[in-house]
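>>> Quick check, what structure comes out for this input:
(one chain, ligands or ions: 1)
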Amino acid sequence: MAHCIVAEAEAILDKEFSVLDKGFVRLVDYMGSDARIVQSARVSYGEGTKTYRQDQGLINYLLRNEHTSPFEQVSFTFHIKMPIFVARQWIRHRTAKVNEISGRYSIMAEEAYIPEKEHINLQSDDNKQARSDEMVSPEMQNKVIELLQKDQERSFETYKELLDLGIARELSRINLPLSLYTQWYWKIDLHNLFHFLKLRLDKHAQYEIRVYAEVMLEIIKNVCPMACEAFENHILYAKKFSKREVEAIKELLAGKPSPLEGREQAIFEEKLR
Ligand SMILES: Cc1cc2nc3c(=O)[nH]c(=O)nc-3n(C[C@H](O)[C@H](O)[C@H](O)COP(=O)(O)OP(=O)(O)OC[C@H]3O[C@@H](n4cnc5c(N)ncnc54)[C@H](O)[C@@H]3O)c2cc1C
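All right, here's what the predicted structure looks like:
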């Protein structure tokens, strides 16, 4: 089988899926599908796709056993628009090919992110890198939005003033906020996309990048639904246990109490929830 065309994927190609207040994800192109994964895995036997159940079984087997290279045979090009602070986290995923809009070349659009009221939270007490789950008062929500908007407007005024003075675009932009929207084309193979999704769908990832990951998983389900199902089963919702935690599970199965204590026991319980 040469070129993979998947009807469900063709139907959503080029469609903008909204994320945050002004962002989006758009699938520009895809190469391969579930069929390509099984086809490339079976190449050593000279066999192609078989029945639906056999293909599904093979894809499950491959992911469960971390035989990941057939998943690298499927790739995607996305067009993504996201705030710069999200892009800074995103760019740490080094296995993608990226081409970003240039603020040296283009005049940046006056588009910055303002969080929705229900996503404005105080600093978490127990996690130095996260927000608390508690909602803040409506007065506080309004105050935060007002402060953010005021700052964004002020930095855009400076930007426009510098441009009007004829200052180079590459210099005029340097005080623009991290909330400014940027755009890029992002090309990645399925194995590395699963790695990105595992990390960025995790509840410890920042909400503003997690929502992009959620949309992207839904998009790629149209291209390779079997692989996505296997990913959810063996990677996304699977749990990793330490040696001591495995010993604790054995004790629990034998009807004995867990030998773990304190923070170690708390982490263990959190994993079992
Ligand atoms: C919740 C969360 C919090 C984070 N907090 C911080 C933070 O506070 N500060 C911070 O700096 N970062 C932070 N990060 C970023 C994190 O440390 C990683 O840089 C990021 O998640 C990318 O992971 P990766 O390197 O596995 O991914 P990729 O770059 O996509 O790489 C995928 C895999 O390829 C291999 N690989 C790729 N490039 C190389 C290479 N050059 N050498 C060797 N192996 C390579 C590795 O096995 C790697 O796991 C955070 C990430 C998350 C998800």
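
>>> need the residues of the stretch 51-200 of the chain near the ligand, please.
Counting by C-beta under 6 Å from any ligand atom, the stretch 51-200 of the chain comes close to the ligand at 92-95, 192, 195, 199. All C-beta spots, glycine's among them, are computed from the backbone N, C-alpha and C.

>>> from those, which is closest to L171?
R92 (26.7 Å; C-beta to C-beta).

>>> now that closest one: how far from V98?
Distance, R92 to V98, using C-beta to C-beta, to the nearest Å: 12 Å.

>>> more neighbours, these two?
For R92 versus V98, the count of surrounding residues by other C-beta atoms under 10 Å is larger for V98: 15 against 8.

>>> returning to what we had before: among the residues of the stretch 51-200 of the chain next to the ligand, the buried ones, what's the PyMOL command?
Selecting only the buried entries of those in PyMOL, with 16 or more other C-beta atoms under 10 Å as the criterion:
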select buried, resi 93+192
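
>>> In TSV: the residues of the stretch 51-200 of the chain next to the ligand, plus pLDDT and secondary structure.
Formatted as TSV, these follow (pLDDT from 0 to 100; DSSP: H, G, I helix; E, B strand; the rest coil):
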residue	pLDDT	secondary structure
R92	97	coil
H93	97	coil
R94	96	coil
T95	97	coil
N192	98	helix
H195	98	helix
L199	97	helix
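
>>> Please identify which of the residues of the stretch 51-200 of the chain next to the ligand is nearest to I174.
Using C-beta to C-beta, R92 comes nearest to I174 of these, at 22.2 Å.

>>> For that closest one, grab phi and psi.
phi -70, psi -20 (degrees, to the nearest 10).

>>> How about V25?
Per-residue torsions, V25: phi -130, psi 140 (degrees, to the nearest 10).

>>> Show the contacting residues for it.
Counting by C-beta atoms under 8 Å, 6 or more residues apart in numbering, V25 makes contact with 16-17, 19, 78-80, 212, 215-216, 219.

>>> Filter the residues you listed down to just the buried residues.
Buried members of the contacts of V25, scored by 16+ other C-beta under 10 Å, are 17, 19, 78-80, 212, 215-216, 219.

>>> So which of those is the closest to the ligand?
The closest of these to the ligand turns out to be Y212 (C-beta to the nearest ligand atom; 12.8 Å).

>>> ok, and the closest non-adjacent residue to the closest one?
V19 (5.3 Å; C-beta to C-beta, 6 or more residues apart in numbering).

>>> So the one you found sits against A213, correct?
No - taking contacts as C-beta atoms under 8 Å, V19 lies outside contact range of A213: 9.8 Å.
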